[in-house]
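Engineer: The following block contains a protein sequence and its predicted model.
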Amino acid sequence: MTDFLSSTKGLPMMPRIGQGAGTLGLGAEVPGPIFEDGAVLAIDVGNTITTIGLFQKDADGSDDPVLRWEITTPEHLTADEALLVLAQLAGPEKVVGAILSCVIPTQVGVWERALTRASQTRPFVVGPGLKTGLKMRYRDPAEVGPDRIADAVAVRERYQLPAISVDFGTSMNIEVIGADGAFLGGLIAPGLALGAQALNRRTARLPLIEIEMPKEVIGRSTREAMLSGVVFGEVARIDGLIDRVFAALDSVATVVLTGDGAHEMASCLSHDATVDETLALRGLHQLYKLNAGRGPRRS
């Protein structure tokens, strides 16, 4: 067991930056280590955003991370750079274990090496060979992305089944968990930003717009019309897809939203939905607890 400060010896150090949102609250000031018995580190590397969470070593599977941060996923990253990011965020905390979900194949090994140096144990990596506890109804379970598995595990643990999770990111992923807790499959579609980028790239005169909630349905400028079409079109699509999933299940289901803009989307949907900001991180922590009992993973 080690801490980030010792694991980054020889690298230029920066002071620990402000605490992220977690059970301590955004902006909480903690001068020294807060995990007396060590922490478990969960990292969810997405195409656009990387989310990092620290859990108490003996936290229950339903517990939220004590600390949580979101950073932009870089196009290129070295193991030293990844380690420096962790050192700036976690500072003196002692990490006794780690788990990684990464949808970018070229960055999996980078984060593995950084996490091994940070905790002196090999991290668990969500993918083939990792125990999930899920009954998989997917035709080829190896095709299911690690972020989708994390969402499904967390939904099954906390919410009434059957349940649907909708994860907003570069893509929009819908996962469906059956009444028996089995992963039934899901839907994958382009995310909001991709839709806006496609309008800009594949037309001669339409500008690239920044995604925000439209003030009214009928746009009175080109930008307003695009924004309304992209955002309210996404709302209508999700509402329609949820109805189709309900029909396929022959039952209504719990709807959980997570990811970028989940709160705003929830306010526009015609279906009741719960916003869960820590869904993927909790799923990773639950996967860590499920696999950590299988023996030590020394580097």
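Structural biologist: Thanks, I have it.
Engineer: For the rest of this, base every contact and every neighbour count on C-alpha atoms.
Structural biologist: Will do.
Engineer: Indicate each strand paired with the helix or strand hosting Ala98 and its parallel or antiparallel sense.
Structural biologist: Ala98 is part of strand 94-102 when elements are defined by DSSP states H and E. According to DSSP bridges, the neighbouring strands of strand 94-102, each with its direction, are strand 2-3 (antiparallel), strand 39-45 (parallel), strand 124-125 (parallel).
Engineer: Can you name the element that comes right after the second one?
Structural biologist: Next in sequence after strand 39-45, counting helices and strands by DSSP H and E, comes strand 49-56.
Engineer: strand partners of that next one, parallel vs antiparallel please.
Structural biologist: Each strand pairing with strand 49-56, determined using DSSP bridges, is listed with its direction: strand 39-45 (antiparallel), strand 67-72 (antiparallel).
Engineer: Return, as residue ranges, the portions of this structure with sub-threshold pLDDT.
Structural biologist: Of all residues in the chain, those with pLDDT under 70 make up the ranges 1-32, 294-299.
Engineer: and it, what are its domains?
Structural biologist: When the chain is parsed into structural domains using automatic domain parsing, the resulting residue ranges are 2-125, 141-282.
Engineer: for those domains, which one sits closest to Gly133?
Structural biologist: Ranking the domains of the chain by their distance to Gly133 (criterion: Cα to Cα) puts domain 141-282 first, at 8.1 Å.
Engineer: contacting residues around stretch 274-292?
Structural biologist: Stretch 274-292 is contacted by residues 40, 42-44, 51-53, 55, 61-65, 98-101, 124, 130-133, 147, 149-155, 255-259, 262-263, 266 when judged by Cα atoms under 8 Å, 6 or more residues apart in numbering.
Engineer: what about burial for those, which qualify?
Structural biologist: Buried members of these, scored by 16 or more other Cα atoms under 10 Å, are 40, 42-44, 51-53, 55, 61, 64-65, 98-101, 124, 132, 147, 149-155, 255-259, 262-263, 266.
Engineer: What's the separation between the residue of the chain positioned farthest from its centre and Asn47?
Structural biologist: Checked against the mean C-alpha position of the chain, the extreme residue using Cα atoms, centre = their mean is Arg220, at a distance of 35.6 Å. From Arg220 across to Asn47, the span is 33 Å (Cα to Cα, to the nearest Å).
Engineer: Between the two ends of stretch 72-81, how far is it?
Structural biologist: Counting by Cα to Cα, you get 13 Å between the two ends of stretch 72-81.
Engineer: so how far is it off the chain centroid?
Structural biologist: Here the centre of stretch 72-81 is set off from its chain's centre by 17 Å, with Cα atoms, centre = their mean, to the nearest Å.
Engineer: Got the phi and psi for Val108?
Structural biologist: Main-chain dihedrals, Val108, degrees, to the nearest 10: phi -60, psi -50.
Engineer: do Ala152 as well
Structural biologist: Per degrees, to the nearest 10, the residue geometry at Ala152, taken as phi and psi, is phi -60, psi -40.
Engineer: Relative to Ile164, how far out is Ala179?
Structural biologist: Taking Cα to Cα as the measure, Ala179 falls 11 Å from Ile164.
Engineer: More neighbours: those two, which one.
Structural biologist: Ile164 (27 against 16; other Cα atoms under 10 Å).
Engineer: Please, which helix or strand holds the more buried one?
Structural biologist: With the criterion set as DSSP H and E, the secondary-structure element containing Ile164 is strand 163-168.
Engineer: That strand - contacts with which helices or strands?
Structural biologist: Applying 3 or more Cα pairs under 8 Å, 6 or more residues apart in numbering; DSSP states H and E, one finds that strand 163-168 makes contact with helix 146-158, strand 171-177, strand 254-259.
Engineer: who wins for proximity to Glu75 among the ones you listed?
Structural biologist: In this view, the helices and strands packed on strand 163-168 are compared for proximity to Glu75 by Cα to Cα, and strand 171-177 is the closest at 16.9 Å.
Engineer: Next, the residues that contact the closest one from outside, please.
Structural biologist: 148, 151-152, 155-156, 161-167, 183-192, 194.
Engineer: List only those of those residues flagged as buried.
Structural biologist: With burial judged by 16+ other Cα under 10 Å, the buried subset of the contacts of strand 171-177 is 148, 151-152, 155-156, 161-167, 183-186, 191-192, 194.
Engineer: that older thread, grab the CA positions of the strand holding Ala98 and hand them over as CSV.
Structural biologist: Presented in CSV, the C-alpha positions along strand 94-102 are these (Å, rounded to 0.1, in the frame of the first residue of the first chain):
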residue,chain,number,x,y,z
LYS,A,94,-3.5,5.7,0.3
VAL,A,95,-5.0,3.6,-2.5
VAL,A,96,-5.4,-0.1,-1.6
GLY,A,97,-7.1,-1.1,-4.8
ALA,A,98,-8.3,0.2,-8.1
ILE,A,99,-10.7,-0.7,-11.0
LEU,A,100,-10.7,0.7,-14.5
SER,A,101,-13.4,1.1,-17.2
CYS,A,102,-12.0,2.5,-20.4
